[in-house]
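Colleague: attaching a predicted model along with its sequence, questions to come.
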Amino acid sequence: MKRVLVTGVSRGIGRAVAESLLAENMAVIGTSRDPQSINIRHENFKPAYMDLDEIVGNPDSLKSLSLEVGQPEALILNAGQGRFGSLEEFSAGQINSQIQKNLIAQIILVREFIQTFKNRGKGDIIFIGSESALVGGKMGSIYSAAKFGLRGFSQALRQECASSNIRVGLINPGMVASSFFDELSFQPGAATDNSILPEQVADIVLFMLASKPNVVWDEVNLSPLKKVIVKTPR
Ligand SMILES: NC(=O)c1ccc[n+]([C@@H]2O[C@H](COP(=O)([O-])OP(=O)(O)OC[C@H]3O[C@@H](n4cnc5c(N)ncnc54)[C@H](OP(=O)(O)O)[C@@H]3O)[C@@H](O)[C@H]2O)c1
């Protein structure tokens, strides 16, 4: 049974990915800052603690996750957070925190498992990037900086890992209907073609994992048919 670590499974894309993998008879270790709150009931699911904010200052905090996960065959790096606004609205600490969560912690997470993958000579690493990794947009300077960085990391790691038969891929969704927007001052329009469903991102993860081993899906970009942004009072 394929063993997969998925970060950020308490809701949104991560939860949909975890449920899709479980439905395909894979074993999933899924993380949250509050693992007891994860509402996934399945015999092949194991909740685990992981806080992106702790990893940079204390990489040793990953040791217990590493022990729980054992030797995964795939990593789905999904957990993340977006904060948007004009540059001057962010304090230095907030900028640091966003880049740490969405870029540096992701790199350190992969570093924790990469030697195991290379020793085994196979594996899949899939990052959930963003359309903000492809083009910068108004109010998105910090988020884009992190996601562009993640894309560069993913591309370089793909080259590094190919000789070890490890496939590294990146999924760049446009607006996905999830709690991502709960703390933001905008959200996708309400029409069904204004947002992607988390399950549709999960379909791409499954597709990438199921591809023949000679092929790597470098990057998959998907967008809602009609991009509509609605302002929400905060
Ligand atoms: N929604 C979109 O429109 C959209 C579009 C493109 C890309 N993305 C990307 O997709 C990924 C998932 O987003 P989503 O839409 O599913 O958002 P979401 O519904 O807000 O879910 C975010 C997940 O990330 C985890 N997380 C957040 N901050 C964390 C932290 N500091 N440490 C550990 N885990 C943390 C949360 O877990 P806990 O709170 O339980 O710890 C939660 O499971 C993110 O990387 C996001 O940048 C989203």
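Modeller: Right, received. Where do you want to start?
Colleague: quick one, what contacts the residue nearest to the spatial centre of the chain?
Modeller: A centroid search over the chain (CA atoms, centre = their mean) returns N78, at 1.6 Å, as the residue closest to the centre. Taking CB atoms under 8 Å, 6 or more residues apart in numbering, we find N78 in contact with 6-9, 13-14, 17, 128. Placement of C-beta: from N, CA and C, glycine included.
Colleague: try 10 Å this time
Modeller: If you count contacts by CB atoms under 10 Å, 6 or more residues apart in numbering, N78 has them with 6-9, 12-18, 30-31, 106, 126-128, 171, 198, 201-202, 205.
Colleague: quick one, phi/psi of it?
Modeller: Dihedral pair for N78: phi -110, psi -40, per degrees, to the nearest 10.
Colleague: now the chain, which segments are flagged as low pLDDT?
Modeller: By pLDDT under 70, the low-scoring segments of the chain are 234.
Colleague: name the helix or strand for E54, please.
Modeller: Assigned by DSSP states H and E, E54 falls within helix 52-55.
Colleague: tell me what the longest strand along the chain is packed against?
Modeller: Determined from DSSP state E, the single longest strand within the chain is strand 166-173. In terms of contacts (3 or more CB pairs under 10 Å, 6 or more residues apart in numbering; DSSP states H and E), strand 166-173 is packed against helix 12-23, strand 74-77, helix 105-120, strand 123-128, helix 141-162, helix 198-210, strand 219-222.
Colleague: and the closest residue to K226 other than its chain neighbours, what is it in contact with?
Modeller: Using CB to CB, 6 or more residues apart in numbering and skipping the chain neighbours, the partner closest in space to K226 is D193 (5.0 Å). Taking CB under 10 Å, 6+ apart, we find D193 in contact with 224-228.
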